[in-house]
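Trainee: here is my input, please return the structure:
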Amino acid sequence: MTRIFLIRHGETEWNALGRLQGTSNVQLSAVGINQARLLAEHAPFHTADAVYSSDLIRARSTAEILAKRFNLKVRVMLELREANFGDWEGQSISDLAEDLNSGFEKFFTAPELCRPPHGETFADCQARMVSAIRKIIAENKSNEDKRIIVVSHGASIRLFLCAVLGMPINKMWTLAQFNMALNVLRVDDGNFTLELFNNTMHLYNF
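Mentor: Numbering: from 1, shown residues only. Got it, this is the predicted structure:
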């Protein structure tokens, strides 16, 4: 049996400003660094066997703070990246929504049909996320229970959860995923059970 602690990175300045990040390499803000420290100090799990992260600096920095808590090294995987939003990256979400010629209207209303210019579809992102998590599970198989931290991003985590819960991509935005949210998945013989979802209690109780 394996448990995956699937975590969204801490806050960045672009998060606070409502700017679309995607694969842009935006660093954690001071708030985001503190959020990661709070989870490291008050995580509802006491051991971890491995830490994996997207290569993007906001995820990797979050993962490094958590890895230090458990005396582990971060294993970087490109496949855990956020969805590539192409030409929309760096722009204000509200400005994009107001631009009727951008094609952005499908981003929230019909994400399964959304195709960012020079970016990737949500289906493509979902496929690589599922493949990445399956690969992580395979790398950590043993006769002992494994607890694995995986740090990724808001849309990519939503898409992975849609896949394991049997939800269509057009429902992805019904799944909240706050900065520094913790999700816990139990894996038995390749089957996923969502045990904890979008938990941020570690940010508010201390």
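Trainee: quick one, what contacts the closest residue to V130 other than its chain neighbours?
Mentor: Leaving aside its sequence neighbours, V130 sits nearest to A163 (C-beta to C-beta, 6 or more residues apart in numbering; 5.1 Å). C-beta here means a position set from N, CA and C on the backbone, and glycine is covered the same way. Applying C-beta atoms under 8 Å, 6 or more residues apart in numbering to A163 gives the contacts Q126, M129, V130.
Trainee: now A163: which helix or strand?
Mentor: helix 154-165 (DSSP states H and E).
Trainee: swap in R128?
Mentor: Once you assign secondary structure using DSSP H and E, R128 falls within helix 122-139.
Trainee: with only the CA atoms kept, save that helix in PDB.
Mentor: What follows is helix 122-139 as a C-alpha-only set of coordinates in PDB (Å, rounded to 0.1, in the frame of the first residue of the first chain):
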ATOM      1  CA  PHE A 122      -5.700  20.000 -20.500                       C
ATOM      2  CA  ALA A 123      -6.000  16.500 -21.900                       C
ATOM      3  CA  ASP A 124      -2.300  16.400 -22.700                       C
ATOM      4  CA  CYS A 125      -1.400  17.700 -19.200                       C
ATOM      5  CA  GLN A 126      -3.700  15.100 -17.600                       C
ATOM      6  CA  ALA A 127      -2.100  12.300 -19.500                       C
ATOM      7  CA  ARG A 128       1.400  13.200 -18.500                       C
ATOM      8  CA  MET A 129       0.400  13.700 -14.800                       C
ATOM      9  CA  VAL A 130      -1.200  10.300 -14.600                       C
ATOM     10  CA  SER A 131       1.800   8.700 -16.300                       C
ATOM     11  CA  ALA A 132       4.100  10.500 -13.900                       C
ATOM     12  CA  ILE A 133       2.300   9.400 -10.700                       C
ATOM     13  CA  ARG A 134       2.100   5.800 -12.000                       C
ATOM     14  CA  LYS A 135       5.900   6.000 -12.600                       C
ATOM     15  CA  ILE A 136       6.500   7.300  -9.100                       C
ATOM     16  CA  ILE A 137       4.400   4.500  -7.600                       C
ATOM     17  CA  ALA A 138       6.300   1.900  -9.700                       C
ATOM     18  CA  GLU A 139       9.700   3.300  -8.500                       C
END
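Trainee: perfect, I'm done here.
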